[in-house]
Structure formats: C-alpha cells, structure tokens
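Trainee: model the following, please.
(one chain, ligands or ions: 1)
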Amino acid sequence: MDIPRIFTVSESEHRIHNPFTAEKYAALGRALRMKPGTRILDLGSGSGEMLCTWARDHGVSGTGIDMSPLFTEQARRRAEELDVSERVHFMHNDAAGYVADEQCDVAACVGATWIAGGVAGTMALLAKSLRPGGIMLIGEPYWLQVPASDEIAQACGVSSVSDFLTLPDLVASFDERGYDLVEMVLADREGWDRYEAAKWMTMRRWLEANPDDDFAQEVRAELTAAPVRHVTYAREYFGWGVFALMTR
Ligand code: SAH
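Mentor: The predicted model follows:
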C-alpha cells in the first residue's frame, strides 16, 4: 500500500508536506494552548513533524497514520531524533474510515482531506475519534483568487473550481456544520515556495542519481513544468490554512 511515486520522489526530503513551515506549526502548537498529556490523532501524518515537534515542545502524545511507508519511516526516525518516540507512534495504513479505540483530545487531518472525500467527510470521520469538547484540526487549501474557468483550476492541479472554497466561504461552511472556529493559522506564499520549490532540488538530484530508472521520464517532465506552473498558478490562486474547530 503506497501513495503515487511522484510524491515519494519529489517530497522525500520534506519534513512538512504542505505549505506550512516549522514556524507555522510552532505558532499553531502555541495557539492551541495544549496541556502536557494532550492526546492527538493525526490522519495523513506524513513525516510526522507536527506530532514530533508538539510532543517535544508541549509534552503531548499522539498517533499518526499515513499511507506512505517512506514518510511513516521518516516520522519514526524523527520521533527518535527528538526523543519523543515513547509518546508518538506512527502507523503505516490507509486512514480512510479510521476511528480510534480511545477518544482523543485533538483530532487532525492536515492537508489530506481527500482521505474521507473532502472537508465534510473528514470532519464527520474525525468527530468519531474526538472526545466531547475536543478540538478538530483541518488543514485545507482555499481560493485566494477564484479561477475564471475550470481550465485554470486544472492548471492549478485540481479538477474544477468547485473543488475548493474562498476563505470566507470555507469559514462559513464550518459555522453551517455547527462548529465554532476557535483558532486558525494561515500559510503564506513563502510557505508555498518552501513546499513547492524544495521539490525541484529533490527531483533534480534524484534524476542525477537515477538516470536509467523507468520513472525518470515522468520526474523529468514534472521538473521541467513545475516551476512555471507554480509561479503562474498555485502561488497566485491558492491559500492554505489550518482551522481549529469545536462543535457547538
Ligand atoms: N499532515 C502531513 C502530511 C500532509 S501531505 C504534514 O503536515 O506534513 C498528505 C499525506 O497524506 C501524505 O503523507 C500521504 O502519504 C498521506 N495520505 C494520502 N492518502 C492517504 C490515505 N488514504 N490514508 C492515510 N494517509 C494518506
């Protein structure tokens, strides 16, 4: 069980697989005012940077689930490196439909809401693992600028304009589902650059090391197209944030 190879090639050097930076995760960790011992569930935990650094900085514990064996292994190594492997655990698995045995204090899905078919489905899934009064974290893109056509949306890498909302509409949608938005931290363009531009160096190095790999043509095509695509589309059209929600 694995995610498409282009991600494990292009993001193999990433600690954070979304437009958040270490500073943004630190700001969010402080904003949530978590007490030591807070239990977190993280669906689509990637290389584990959120759980590992929050365990180090706030004494929280947690479980992360991710479908990439590579990212899961990196998460375990990061936990050891930060000396938090007794408190945070990473499982390689499909998080679709995953419900924790024991309800947690914080239930998160940061940049992987397709796991349950979008924001609404992911909120419903996370709610099953969350204790009453707990905090849900949703990391999700939104349109900074609504594309004038589905062709532009496709150039941004999504199938249609309706795949995402504007920030006001996304925030209103939480309200409509009966949740209070109690905190949020938004990514910025520099964060997008860190996420996207870091892939270019990784792909370039991978191509130099693996010229005869069957996958080289695909990586070559991606490296050639990605920079112009990023500065023309994603950087201009996409916002991204993590939203902390509590049910009313
Ligand atoms: N939250 C992480 C990773 C976000 S990227 C971070 O902040 O860095 C999205 C992640 O979802 C990737 O790590 C990918 O491997 C994982 N993923 C994709 N589909 C999944 C699924 N069905 N179940 C679990 N993880 C999945």
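Trainee: can you report phi and psi for Met123?
Mentor: phi -60, psi -40 (degrees, to the nearest 10).
Trainee: is it true that it touches Leu137?
Mentor: No. Contact criterion CB atoms under 8 Å: Met123 and Leu137 do not qualify, at 10.5 Å. In short, each C-beta sits where N, CA and C put it, glycine included.
Trainee: what does the chain put close to the ligand?
Mentor: 3, 16-18, 44-46, 49-50, 65-68, 71, 94-96, 110-112, 115 (CB under 6 Å from any ligand atom).
Trainee: from the ligand, how far out is Trp54?
Mentor: Distance, Trp54 to the ligand, using CB to the nearest ligand atom, to the nearest Å: 12 Å.
Trainee: contacts for the least confident helix or strand in the chain by mean pLDDT, please.
Mentor: Using mean pLDDT, DSSP states H and E, the weakest-scoring helix or strand in the chain turns out to be helix 150-155, at a mean of 91. Residues outside helix 150-155 that contact it (CB atoms under 8 Å, 6 or more residues apart in numbering) are 147, 159-161, 163, 229, 232-233, 237.
Trainee: now it: buried residues?
Mentor: 152-153 (16 or more other CB atoms under 10 Å).
Trainee: all further residue positions should be reported with the first residue as 45.
Mentor: That works, and once the first residue is 45, the last one we named lands at helix 194-199.
Trainee: hey, C-alpha coordinates of the following helix or strand past it in PDB?
Mentor: The first helix or strand that comes after helix 194-199 along the chain, using DSSP states H and E, is helix 211-220. The C-alpha coordinates for helix 211-220 follow below in PDB (Å, rounded to 0.1, in the frame of the first residue of the first chain):
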ATOM      1  CA  LEU A 211     -11.600  31.700   2.700                       C
ATOM      2  CA  PRO A 212     -14.900  33.400   3.700                       C
ATOM      3  CA  ASP A 213     -17.000  30.500   2.300                       C
ATOM      4  CA  LEU A 214     -14.800  27.900   3.900                       C
ATOM      5  CA  VAL A 215     -15.100  29.600   7.300                       C
ATOM      6  CA  ALA A 216     -18.800  30.000   6.800                       C
ATOM      7  CA  SER A 217     -19.000  26.300   6.000                       C
ATOM      8  CA  PHE A 218     -17.700  25.400   9.400                       C
ATOM      9  CA  ASP A 219     -20.400  27.500  11.000                       C
ATOM     10  CA  GLU A 220     -23.000  25.900   8.900                       C
END
